[in-house]
Structures are given as C-alpha cells and as structure tokens.
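Fold the following and give me the result.
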Amino acid sequence: THRDPIRVIPSVASILYSTAYVRSDAVDPEAILGWFTGETCRFLLDRAAAVRESGLLPDAQVHDLLYADLMSDPIAAIGRAYEHFDISFTDAAQTRIRAYLDTKPKGKHGAHRYEFADTGLDVAEERARFADYYARFGIPTEG
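I've put the predicted structure just below:
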C-alpha cells in the first residue's frame, strides 16, 4: 500500500512514541523522531524496490495499491488486487468486506492525530526526497 510519505513519517513517529510511552514515563520525543526519519523511510522504500528489481520477488506476487484508493473506494481497490492475483472476487467476499467496514467506521474509536510539523523536518526537502516515489506510483499528496 503506497501512501504519501509526508503522512507516513509523522504517523509512524506518533505510533513509536505511544508504544514507548506505554513502557516508560520518561520518553524523549526527540529520540523518537530520530528513529524514523525521511532517510529511514527512503532507505526502506529503496530496499523494497531493490528486492523487486532483483527478481527475487516476482511482479506477479506484488500488487501496488494506493492508500488513497483504498480509503476512497475500498471494494473497488480490493477488487483490483483480487483481479491482479487472478482470484475470483465473489459477491460473498464483497458482502463480507462491506459488513466488516460497516462495523469499523473511520473514527469509531477516535482519531489518530499527528502533524508533520511536529517532526521538525522540512516538508519541501522531504517531498523532494520522495519525488521519484510519488511519480513512479502516482501517489497523491495528502496536504
């Protein structure tokens, strides 16, 4: 699932902070921000691309899915994944997915709030860092 790194970076940092805070009352937000930076995110994306380009992971075993598509029309997005893997997307499967989604509305348990500004990173630098990633997968920016 491909998502705008400008949303991914602060989201991961927020989750890392929350996880660390469960274990300690003395969590250093600056240290947390050092654990998952734009460089870290880019490194991970580059390693995944290298595995794909090496042929170790055949294209037939991967389906690139945009997070924006999954959020805007989950049934259609999942249907495209089924089609890619040559799996029948039955009415029963679609009904089960709709039923699941109906019981899990966005925000049911509150919202995960985070802001890119809290990372201390420069948004223009980070967008430039990921420019080819945005272009390769057609990833829309999320703000």
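
For the one helix or strand Ala48 maps to, enumerate the helices and strands it packs against.
When elements are defined using DSSP states H and E, Ala48 is found to belong to helix 38-54. Counting contacts by 3 or more C-beta pairs under 8 Å, 6 or more residues apart in numbering; DSSP states H and E, helix 38-54 packs against helix 5-23, helix 123-129. Using the backbone N, CA and C atoms, a C-beta is placed for each residue, glycine as well.

Ok, which of these comes nearest Arg113?
helix 5-23 (7.9 Å; C-beta to C-beta).

got the CA coordinates for whichever helix or strand comes after the closest one in CSV?
Later in the chain than helix 5-23, the nearest helix or strand by DSSP H and E is helix 29-35. Taking only C-alpha atoms (Å, rounded to 0.1, in the frame of the first residue of the first chain), the coordinates of helix 29-35 have been written out as CSV:
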residue,chain,number,x,y,z
PRO,A,29,10.2,12.8,21.8
GLU,A,30,13.5,14.0,20.0
ALA,A,31,14.9,10.5,20.3
ILE,A,32,11.7,9.0,18.9
LEU,A,33,11.8,11.4,15.9
GLY,A,34,15.3,10.1,15.2
TRP,A,35,14.1,6.5,14.9
